[in-house]
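Enquirer: how would this look folded up:
(one chain, ligands or ions: 1)
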Amino acid sequence: MATLYRCKTPTDLLCACGKVARRLRRAGIEFDEVRVPYLKRDRPEVEELTGQRWVPVFVHGEEVISDSKRICEYIDHLQSRRMETA
Ligand SMILES: N[C@@H](CCC(=O)N[C@@H](CS)C(=O)NCC(=O)O)C(=O)O
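Expert: Sure thing, here's the model as predicted:
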């Protein structure tokens with residue numbers, strides 16, 4: 001149900017993709033990872049999803065969110081909704 005499109009950087013400590021992966025794990029949100037090629041020109045599937053070729057991109061049900069800051073805000077929103085319904 002949730003997929004993170006991220007770059008091939010092997011650690012979660014160095015880039016915007018890793019930041020989002022860490023944030024998702026901390027929030028306890030399960031997700032699949034799709035590692036996209038280093039070069040933007042080799043990322044047509046990202047462009048199909050979002051109209052641009054940067055990652056991270058987070059797909060959650062019908063929602064498609066790009067940019068790590070916006071994704072983290074979305075995760076905050078999911079967590080606060082979860083706390084309201086608990
Ligand atoms: N401001 C963006 C930056 C994202 C970013 O730097 N993405 C890198 C991978 S971690 C990328 O797609 N780089 C492609 C390139 O530099 O050509 C964010 O925070 O999401």
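Enquirer: hey, let's count contacts and neighbours off CA atoms from now on
Expert: Fine.
Enquirer: Could you pull out the buried residues of the lowest-mean-pLDDT helix or strand in the chain?
Expert: Lowest on mean pLDDT, DSSP states H and E among the helices and strands of the chain sits helix 68-85, with a mean of 92. For helix 68-85, the buried set under the neighbour-count rule, 16 or more other Cα atoms under 10 Å, comprises 68, 71-72, 74-75.
Enquirer: phi, psi of Arg26?
Expert: Main-chain torsions, Arg26, degrees, to the nearest 10: phi -60, psi -30.
Enquirer: I meant to write Val59 there.
Expert: Dihedral angles for Val59 - degrees, to the nearest 10 - are phi -110, psi 120.
Enquirer: for Thr3, same thing?
Expert: Torsion angles, degrees, to the nearest 10, at Thr3: phi -130, psi 130.
Enquirer: Check the gap between it and Gln52 for me.
Expert: To Gln52, Thr3 is 17 Å away according to Cα to Cα, to the nearest Å.
Enquirer: Now tabulate the buried residues of helix 68-85 in JSON lines and tack on distance to Leu24.
Expert: Shown next, in JSON lines, are the buried residues of helix 68-85 (distance: Cα to Cα, whole Å):
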{"residue": "Ser68", "distance to Leu24": "11"}
{"residue": "Ile71", "distance to Leu24": "9"}
{"residue": "Cys72", "distance to Leu24": "8"}
{"residue": "Tyr74", "distance to Leu24": "10"}
{"residue": "Ile75", "distance to Leu24": "7"}
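Enquirer: Could you give the residue of this structure that lies closest to the ligand?
Expert: Using Cα to the nearest ligand atom, the single residue of the chain nearest to the ligand is Asp67, 3.3 Å away.
Enquirer: Now do that residue, the pLDDT please.
Expert: Here the pLDDT value assigned to Asp67 is 98.
Enquirer: any idea of the pLDDT on the residue nearest the centre of the chain?
Expert: By Cα atoms, centre = their mean, the chain has its centre lying nearest to Phe58, at 3.2 Å. Per-residue pLDDT puts Phe58 at 98.
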